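Novice: model this:
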Amino acid sequence: MGYMNRLSIGLLSACALYPAMSLSAPSAPALMHGVDGQLASQSYQGFWASEKLDGIRAYWTGTELLTRQGNPIYAPQSFLAALPNVALDGELWAGRGEFQTVLRTVLDQTPNDNDWQRIGFYVFDLPQHPGRFSERYLELKHLVADQADVIQLVEQQPVANDSALADRLDPNHRRRW
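Specialist: Purely as a prediction, here's the structure:
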């Protein structure tokens, strides 16, 4: 099965995405969640869409890297030092078909610098930013442009209408995210 046949997207509601509430570890961070697109069930106009990455969800508090459940991720200091002093929400990812690599690397309590060089932090939100999602995303684009290559931006696009979204989901559609 080719890449386009396995493509799935994350959909985020533009009208409901306000900043997540503050985090107090070890409880789970209050992070936004996407929905699976079922085009027949509702209209997705006004949502934002991105490719769904198959990695491990991670929350950077500005000083600590946590799982979605609030557990610490033991990344090497070299990886953590490349992250800014601002909360970020994203996915630790090593590429398509590399989920087991990410799982093995990220869940190891003794981080291996060489293994972590294959992992990127693909960010999609600034959860402590006070603005709506469109404002946070614009600020995130600027932040990522100024950072080291450990951080990558997950490209998000507003859904113009259901037809445009259906085109993006079509396995014959060759436009990449």
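Novice: mind checking the longest helix of the protein?
Specialist: helix 133-145 (DSSP state H).
Novice: What is that one packed up against?
Specialist: Based on contacts counted as 3 or more Cβ pairs under 8 Å, 6 or more residues apart in numbering; DSSP states H and E, the elements that helix 133-145 packs against are strand 47-51, strand 120-125, strand 151-153. All C-beta atoms are positioned from the backbone trio N, CA, C, and that covers glycine.
Novice: what angle do it and strand 120-125 make?
Specialist: Using axes from the mean of the first three to the mean of the last three Cα atoms, to 10 degrees, the interaxial angle of helix 133-145 with respect to strand 120-125 works out to 150 degrees.
Novice: Contacts only, for residue 90.
Specialist: Under the criterion of Cβ atoms under 8 Å, 6 or more residues apart in numbering, the contact partners of residue 90 comprise 57, 58, 60, 121, 122, 123, 124, 125, 151, 154.
Novice: Any regions of this protein where pLDDT drops low?
Specialist: Residues of the chain meeting the criterion pLDDT under 70: 1-41, 148, 171-177.
Novice: What segments of it are strands?
Specialist: Remark: strands assigned in the chain by DSSP state E are 9-13, 47-51, 56-60, 65-67, 88-93, 120-125, 151-153, 157-158.
Novice: Would you mark the buried spots in stretch 122-137?
Specialist: Across stretch 122-137, burial judged by 16 or more other Cβ atoms under 10 Å covers 122, 123, 124, 125, 126, 127, 128, 129, 133, 136, 137.
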